[in-house]
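Chemist: with the input below, show me the fold.
(chains A, B and C)
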Amino acid sequence: MTPLAQLLEAALFSAARPLTAEELATLDQDAALADVRVALDQIREHYDFEQHGVELVEMAGGYQILTRAVHAAAIERAQFSVRTPKLTAAALETLAVIAYRQPVGRAEIEEIRGVSAGGVLRSLQERGLIEVVGRSEALGRPLLYGTAAMFLELLGLRDLADLPRAEELTIALQPHRAVTEGEDDAAAYVEAES
Amino acid sequence: MTPLAQLLEAALFSAARPLTAEELATLDQDAALADVRVALDQIREHYDFEQHGVELVEMAGGYQILTRAVHAAAIERAQFSVRTPKLTAAALETLAVIAYRQPVGRAEIEEIRGVSAGGVLRSLQERGLIEVVGRSEALGRPLLYGTAAMFLELLGLRDLADLPRAEELTIALQPHRAVTEGEDDAAAYVEAES
Amino acid sequence: MTLPEAPTTALGAGPGFVVHLDAYSGPLDLLLHLLREERIEIAEIPIARIAHQFLQAIHELGLNQAADYLDMASRLVRLKVQMLLPRRSEDDGWEDPRAELVRRLLEYQQIREIAVWMGRTAERRAEQHARGYLPAPPELPPPPLTLEALDLLQAVDRVVAGIPTPVLHRVVARPLDVEGATRRIEELLGQREQFGWLEALGPRPTIVDVLSTLLALLELAKRGAIRLAQPSPFSPMVIARDTARPAA
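Modeler: Sure, this is the predicted structure:
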């Protein structure tokens, strides 16, 4: 390959989007647009002639290197174009709160984690890791969440009692609300501790 | 290129992460691991011989197609691609401790570096460079950290054995906590840096 | 790469430091720098002088990460004192108090060297780009999700660590003791014709005592057992036996 073709190949390979001939021309001050087109033709012909697994495709006014369609089935079957999805930190933390505090409402989850939980709850539900297990008696009768069967399956646990450090962490995750006794009494007063 | 090499090229191209020879072998039921290695050599030689803008790199236990370093400046100048953000000195030092002492707990990391490590550990974890590999038996059962696959990708190493060995350092790596006497001898190794 | 390269500005050269604390990745880094400036071997560390320079440096450099630096400063000062303790020259059993610090500095210097190597290697690797443009993947069943108990536990630790230290409030029921206040007032009425409101409260009254007493007084006045009077605006209330009617 000519030096210009090499440079264009590297640029097309690493760019996050298809590149136009005009954009590619900015790579090398000495290269005219015509030179760029010649080099692109050279790359295309090389890929075809040498029977590469990839091809140069012109699309939507730009150029991109794509794998040939003939290999698509095999690659899709192997499924390594995507990494095994892992839960995000936010999802894991929300899941942890639910696992150790269930049944638990959104408000309590948000109180413990200090951030809103709407989106995370939805995605955990979509993944089948948590489910709605009831409604609270509190005002507005909010939904209560618990872990679903898939959760135990993924962790390889028989039941929730198998969760590590269950007792310790259930206590640790209690929201720090005021402990109230006899709060209905008008004369009750609040005493700040520590 | 042979049909197998074509298929491997297409797979490596679409995965955009290192694929192991074993993973690549799953693409074609008729291909033995040895065939895969032969085809990989063929791809590498073809890229080199035909002077492509990309090359086949062996890294993190697998293979990946990357642009040649010589084109980096032009690609970055044209803003088609950006470099991964650099790690701070604190992050690099923490990574160094973890790489050489793994599995290692936070307390030991902090002891060696002389600074608290919470924030750095968290950000290294978020970048997928380190991961929790277990829990210590010590009091409080602290988490133990090790390097993750992404660490090798960051440095472009094939495996941890590619890290410099003790003899290659100007300061000989000493077995942990071994130096109590003979500091004068130890100091003989010390060459003023810079 | 922001490597822990030796900052070029002179430290310990009197006032006029130009370096920032961010130039050092920790107190050990700063110590190494001071030693390098003075071209001193780590094992020969002159504690007194270095302790002085270290204190001066962290004073000049500001308070970023100060806890770690102050911790080192106090160690140095302690070492300085230990070094000053008299010892006999023929004392073979003498252990150099600097040994631990020297060991840590050597160990840290190794780590620094590895970190520098890693920084350079990562820099070289960053010059090679991976494929950028990835067309939307075809519709495929998502690969199986992975979840590890360890990840979950770690998440719990993060959550627990993120919970702010709570201000605990204990709410205690303190019902009003109107009966007790009434008894106390009647006792006083039995002894005297008239007395001040503050006396009726008893010693060291709580807010509950105040409320209880007020309610008791109002109740007694309503029953006609007492008369309440205020001699002048804002002066304490005066409580007197209502002689027109016998106390109930």
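
Chemist: count of residues packed around C:Gly132?
Modeler: 20 (other CB atoms under 10 Å in any protein chain shown). Placement of C-beta: from N, CA and C, glycine included.

Chemist: where's it relative to chain A, distance?
Modeler: 4 Å (CB to the nearest CB, to the nearest Å).

Chemist: interface residues of chain A facing chain B?
Modeler: For chain A, the residues in contact with chain B (CB under 8 Å from any CB of the partner chain) are A:1, A:5-11, A:13-16, A:19, A:23, A:26-28, A:46, A:50-54, A:65, A:67-68, A:71, A:74-75, A:77-78, A:80-81, A:83, A:89.

Chemist: what are the ranges of the helices in chain A?
Modeler: A:3-14, A:21-25, A:33-49, A:72-78, A:89-101, A:106-113, A:118-126, A:149-155, A:166-172 (DSSP state H).

Chemist: before we move on, back to that, mind giving me the ChimeraX command for buried ones among the residues of chain A next to chain B?
Modeler: Command for ChimeraX, covering only those of the residues of chain A next to chain B found buried under the criterion 16 or more other CB atoms under 10 Å in any protein chain shown:
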select /A:1,5,6,7,8,9,10,11,13,14,15,19,23,26,27,28,46,52,53,54,65,67,68,71,75,78,80,81
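
Chemist: near chain C, which of the residues of chain A next to chain B show up?
Modeler: Okay, of the residues of chain A next to chain B touching chain C (CB under 8 Å from any CB), that's A:Ala10, A:Phe13, A:Ser14, A:Ala15, A:Ala16, A:Ile65, A:Ser81, A:Ala89.

Chemist: min pLDDT across those residues, which one?
Modeler: Lowest model confidence among those falls on A:Ser81, which carries 53.

Chemist: list the helices and strands the biggest helix by length in chain C packs on?
Modeler: Counting by DSSP H, the longest helix found in chain C is helix C:99-126. Taking 3 or more CB pairs under 8 Å, 6 or more residues apart in numbering or on different chains; DSSP states H and E as contact, the helices and strands that helix C:99-126 lies on are helix B:89-101, helix B:106-113, helix B:149-155, helix B:183-188, helix C:27-37, helix C:66-84.

Chemist: ok, which of those helices comes nearest C:Tyr133?
Modeler: Smallest distance to C:Tyr133 across the helices and strands packed on helix C:99-126 (CB to CB): 19.2 Å, for helix B:149-155.

Chemist: give me the mean pLDDT for the closest one.
Modeler: Mean pLDDT, computed over helix B:149-155, is 91.

Chemist: how about that helix against chain C, any contact?
Modeler: Yes - Helix B:149-155 comes into contact with chain C (CB under 8 Å from any CB), by way of B:Glu153, B:Leu154, B:Leu155.

Chemist: if we can go back for a sec, export the helices of chain A to a markdown table and tack on distance to B:Gly119?
Modeler: Below are the helices of chain A laid out as a markdown table (distance: least, CB to CB, whole Å):
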| stretch | distance to B:Gly119 |
| --- | --- |
| helix A:3-14 | 31 |
| helix A:21-25 | 39 |
| helix A:33-49 | 46 |
| helix A:72-78 | 39 |
| helix A:89-101 | 14 |
| helix A:106-113 | 19 |
| helix A:118-126 | 23 |
| helix A:149-155 | 29 |
| helix A:166-172 | 22 |
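
Chemist: check which helix or strand C:Arg227 maps to.
Modeler: strand C:226-229 (DSSP states H and E).

Chemist: quick one: least confident helix or strand in chain C?
Modeler: strand C:169-172 (a mean of 65; mean pLDDT, DSSP states H and E).

Chemist: picking up where we left off before, so which of the helices of chain A is nearest C:Val102?
Modeler: Across these, C:Val102 has its closest neighbour in helix A:89-101 (39.9 Å, CB to CB).

Chemist: list the buried ones in the closest one?
Modeler: A:Ala90, A:Ala91, A:Leu92, A:Glu93, A:Thr94, A:Leu95, A:Ala96, A:Val97, A:Ile98, A:Ala99, A:Tyr100, A:Arg101.

Chemist: done for today, thanks.
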